[in-house]
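[1] just a sequence and a predicted model for now, questions to come.
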Number of protein chains: 2
Amino acid sequence: MSTQRPKVAMIAAGVTQWGARQATYRDLASEAGKNAFDSNPNLTPKDVDGIIASSVYPERSAYQGKVAPLLAETLGIRPRMFERVENQCGSGTAAIRTAQWAILAGAADVVAVVGVEKMLLPNPGEVFTNALAGLDRDWEGALGVTPPGAFALAAKAHMQKYGTTEEQLAMVSVKNHAHSMKNPYAHFHKGPDLDAVMNSRPIATPFKLFDCAPNTDGAAVVILANEDRAKELSDNPVWMLGSGQGFDAYTMANMSRDWSYWPAIEQAGRGAYESAGLSPSDVDLLETHDCFTISEILQYEGLGFCERGEGGHFVESGGSDYGGKVVVNPRGGLLACGHPIGATGVAQAHEMFVQLREEADERQVDGAQVGMSLTMSNIGSEAHCVLWGTDEVAAA
Amino acid sequence: MSTQRPKVAMIAAGVTQWGARQATYRDLASEAGKNAFDSNPNLTPKDVDGIIASSVYPERSAYQGKVAPLLAETLGIRPRMFERVENQCGSGTAAIRTAQWAILAGAADVVAVVGVEKMLLPNPGEVFTNALAGLDRDWEGALGVTPPGAFALAAKAHMQKYGTTEEQLAMVSVKNHAHSMKNPYAHFHKGPDLDAVMNSRPIATPFKLFDCAPNTDGAAVVILANEDRAKELSDNPVWMLGSGQGFDAYTMANMSRDWSYWPAIEQAGRGAYESAGLSPSDVDLLETHDCFTISEILQYEGLGFCERGEGGHFVESGGSDYGGKVVVNPRGGLLACGHPIGATGVAQAHEMFVQLREEADERQVDGAQVGMSLTMSNIGSEAHCVLWGTDEVAAA
């Protein structure tokens, strides 16, 4: 199935309870780290010789930099390879790719990828200021562009061009909130119905409150290994079959002229499909970046699960839910789990770990063999994508 | 000479004027980028398919995150691989290592490593707060540990254990400030003599003002390529012969009990020597991390240029100057060039580029064939090291 035997596997994974947490960076990382080590009794911190930290603005929210050494010490790891990476909301998946490079280059054999973010601060104004660091400061953030406003432009463009409706947007939220009811680690267990989403507080037309992912504190840890170590340390590894990144532009003014089309998603997905030798029809579950409802719709299209413009119909027809073409965001997505920005991509990988090992309990995607995870930032400014597979798929 | 033919080369390099700059992140990066592209007329931004950004706290000093996409757009690069890395003051060299992994893993063929930092802000209190993000927030920074105080503890320990003198510390500063007189890009061209250093304003015993690197704005860009592209795009590439990282601990309380010995430096150096198949006697020039004068002395020892405890004598005897065993910090080091923390390691690589191509004009190290660069953070908490060589050495 794949073009070559994959060389990097995931052998452990853990997440914290996500939500409004009275916890430091250290607290969150150690909670997720403990859960990751608990997921694999063969593995101890001594086996880990590398660490990639994914954290977006600890300097702002915790007055703390140099987080890779901090997290290494917290987890009891003495690394010969360590790095902290940041690619705004896309960081978690980018961190997993960085760990993949380090392993392929021989810089480390077993690497912990630690995503952690403190989002909720006593002063809400500071939360807002921090979020703006993800937009262009000189030309956009300083002039009043905010994430809800930016994504609303994309939603309006898609509605205008393809007839996508506010109800279809809301269906993404209903689906993902329904999924999170079966995920004890999610921030929210509210399960709003379509009326509740449609009647929630207006944020930025066409978005209501439930169209938007919340600010959330949380952490996630996954542990990757090269082929030899993966086989030694795990009976049931989950393999990285391929990965890719996509770039459109930084400044919104320089992006693709049509905001209803995000070429960076396509590029990232293509990189993953081509390096894995797979196509969308092989994918059983997708963890994707539903920071706003429109994002998930554009990702169905960009990743090839439906035609361009068909994303609204795809969710409405059940194509992205259990029993459909691909189960999207079974853990509840950013909308219901929350979005501690550096941790999100790592938590998506955790979901791959439990789903592809059939350990996802009530939210198990039946017979899941191949999964895809994707995170990105701004309205498709850039994206990072990984394809994951079971041992059986990897051996094929 | 090396254990295997190196696979990654540096094919272009540029720096900005360093100092107190009235310039944005974009301004600094584009100035360094232009200089890098000007260094290689065969190369255009279209040839570059990856970017690694090294920047430590743009979120604090410029309210700006997601700097890899920002810098890609600024330099006219459309990357298929991009990442921003942070390892506090060690970031620049860590970024070069990350680019090396990405190239070896096939994620990109030609990678721009862009280091940029704005340090000087209108409010000096904010500069101070930002610097503290490099220390442990929960247990150290919040309780009053500052960089000068921390490094002074190491200096006092070395003085007590080995009889190192304040004059020997000062000689590091005199040497590096003398070197910067021949580097037009350096922040300072003051050339203080021993008396001037010894009589400068007290900072933290035993440090005076000239024992400390200043806060500086600046940027540096180097462009790395895989073997095939390097040969296509450059007649005179500089090769990465080896690299390594070293880790001691995050919290000072957990570091090596003897603060006059920094094992992370040794580990990083050993990684570089072993992967290159070289030893200290092969090294003609060393760009190292003289954030405070004691740091350079401990790096002579940790990297094997003199015995442990002998660092003070080594500088006093001229061992680290032109005509000595190894020329250390020919561009002027952090003490005289300044230390825009994310850019420093990248600027050290730029010095390797000009020295190993015999383009360093008045500060040329005669017959330089092999160079080493190292950056680190706190008092040897962690370190990153690269060995560089001429085409001739790489082919041997």
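    Perfect, I can see it now.

[2] for the worst-scoring helix or strand of chain A on mean pLDDT, list the C-alpha coordinates in CSV.
    Here the helix or strand of chain A ranked lowest by mean pLDDT, DSSP states H and E is helix A:124-132, holding a mean of 85. What follows is helix A:124-132, C-alpha atoms only, in CSV (Å, rounded to 0.1, in the frame of the first residue of the first chain):
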residue,chain,number,x,y,z
PRO,A,124,-9.0,38.4,29.1
GLY,A,125,-7.4,41.4,27.3
GLU,A,126,-4.1,39.5,27.5
VAL,A,127,-5.7,36.4,26.0
PHE,A,128,-6.9,38.6,23.1
THR,A,129,-3.5,40.2,22.6
ASN,A,130,-1.8,36.8,22.6
ALA,A,131,-4.1,35.5,19.9
LEU,A,132,-3.2,38.4,17.7
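
[3] could you measure the residue of the stretch 201-350 of chain A found nearest chain B against residue A:58, distance?
    Nearest residue of the stretch 201-350 of chain A to chain B, counting by C-beta to the nearest C-beta: residue A:250, 4.0 Å away. C-betas here are computed from N, CA, C, even on glycine. Distance of residue A:250 to residue A:58, computed by C-beta to C-beta, to the nearest Å: 22 Å.

[4] ok, residue A:375 next?
    Distance of residue A:375 to residue A:58, computed by C-beta to C-beta: 18 Å.

[5] compare those two and say which is more crowded by neighbours.
    Ranked by neighbour count (other C-beta atoms under 10 Å in any protein chain shown), residue A:375 and residue A:58 place residue A:375 first, with 34 against 26.

[6] sorry, back to before: count of neighbours near the residue of the stretch 201-350 of chain A closest to chain B?
    26.

[7] so which bits of the stretch 151-300 of chain A are right by chain B?
    Residues of the stretch 151-300 of chain A lying close to chain B by C-beta under 8 Å from any C-beta of the partner chain are A:244, A:245, A:246, A:247, A:249, A:250, A:251, A:254, A:267, A:271.

[8] just the pLDDT for the nearest residue to residue A:319 once chain neighbours are set aside.
    Leaving aside its sequence neighbours, residue A:319 sits nearest to residue A:325 (C-beta to C-beta, 6 or more residues apart in numbering or on different chains; 4.6 Å). The model reports residue A:325 with a pLDDT of 98.

[9] likewise for residue A:63?
    The score at residue A:63 is 86. That number is its pLDDT.

[10] count the residues that sit near it.
    Neighbours of residue A:63 using other C-beta under 10 Å come to 17.

[11] backbone dihedrals for it, please?
    phi 50, psi 40 (degrees, to the nearest 10).

[12] what's near enough to touch it?
    By C-beta atoms under 8 Å, 6 or more residues apart in numbering or on different chains, the contact set of residue A:63 is B:129, B:132, B:133, B:137, B:141.

[13] return only those of these found close to chain A.
    Filtering the contacts of residue A:63 for proximity to chain A (criterion: C-beta under 8 Å from any C-beta) leaves B:129, B:132, B:133, B:137, B:141.

[14] the residue nearest to the third one when sequence neighbours are not counted: what's it in contact with?
    The spatial neighbour of residue B:133 that comes closest, neighbours along the chain excluded (C-beta to C-beta, 6+ apart), is residue A:65 at 4.0 Å. Residues counted as contacts of residue A:65 (C-beta under 8 Å, 6+ apart) are A:58, A:59, B:56, B:57, B:86, B:88, B:133, B:134.

[15] of the residues you listed, which is the most crowded?
    residue B:56 (33 neighbours).

[16] now it, what's its secondary structure?
    What DSSP: H, G, I helix; E, B strand; the rest coil gives for residue B:56 is coil.

[17] now swap in residue A:35 and tell me
    Assignment for residue A:35 (three-state DSSP): helix.

[18] all helices for the stretch 101-250 of chain A, in order.
    Assigned by DSSP state H, counting those that start in this stretch, the helices in the stretch 101-250 of chain A fall at A:124-132, A:147-162, A:166-180, A:194-198, A:227-233.
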